[in-house]
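Engineer: All I have is the shape, not the residue letters:
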């Protein structure tokens, strides 16, 4: 399965400003997002971190495949069931599943 070239960790944070300051101290720079909408995407070299306030519980891993529906098909063929499935069609799509330990994984196709 081609999971794409981008991988990030999405963190559910208590205080967006405090988390932003902390990760900026570590050398991360804001590349996307809007604090007024409670989300910011940060980058340091190849590492990406999304910080989100009040949008979801817990933390999750995010892959950005070029074709989320193809990845979902492979997941289904392997006998696993997503918690939230991608809709049929073309263009942007995403699906969500958990690994055997309950860690949330988002497969998010942007185009």
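Structural biologist: Yep, that arrived. If you're wondering where the values come from, they're calculated on a predicted model, not measured in any experiment.

Engineer: which residues in this protein form strands?
Structural biologist: 7-12, 29-34, 39-44, 47-52, 60-63, 93-98, 104-109 (DSSP state E).

Engineer: Just tell me which of those ends up closest to residue 74.
Structural biologist: Smallest distance to residue 74 across these (C-beta to C-beta): 10.5 Å, for strand 104-109. C-beta here means a position set from N, CA and C on the backbone, and glycine is covered the same way.

Engineer: what about the closest one, distance to the chain center?
Structural biologist: A distance of 5 Å separates the centroid of the chain from that of strand 104-109, by C-alpha atoms, centre = their mean, to the nearest Å.

Engineer: What is it packed up against?
Structural biologist: For strand 104-109, the packing partners by 3 or more C-beta pairs under 8 Å, 6 or more residues apart in numbering; DSSP states H and E come out as strand 60-63, helix 68-77, strand 93-98.

Engineer: re earlier: let me have the strands of the chain in TSV, extended by mean neighbour count, mean pLDDT and distance to residue 74.
Structural biologist: Output for the strands of the chain, formatted as TSV (neighbours: other C-beta atoms under 10 Å; pLDDT from 0 to 100; distance: least, C-beta to C-beta, whole Å):
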stretch	mean neighbour count	mean pLDDT	distance to residue 74
strand 7-12	17	93	17
strand 29-34	12	96	28
strand 39-44	18	96	27
strand 47-52	20	95	23
strand 60-63	18	93	12
strand 93-98	18	96	11
strand 104-109	20	94	10
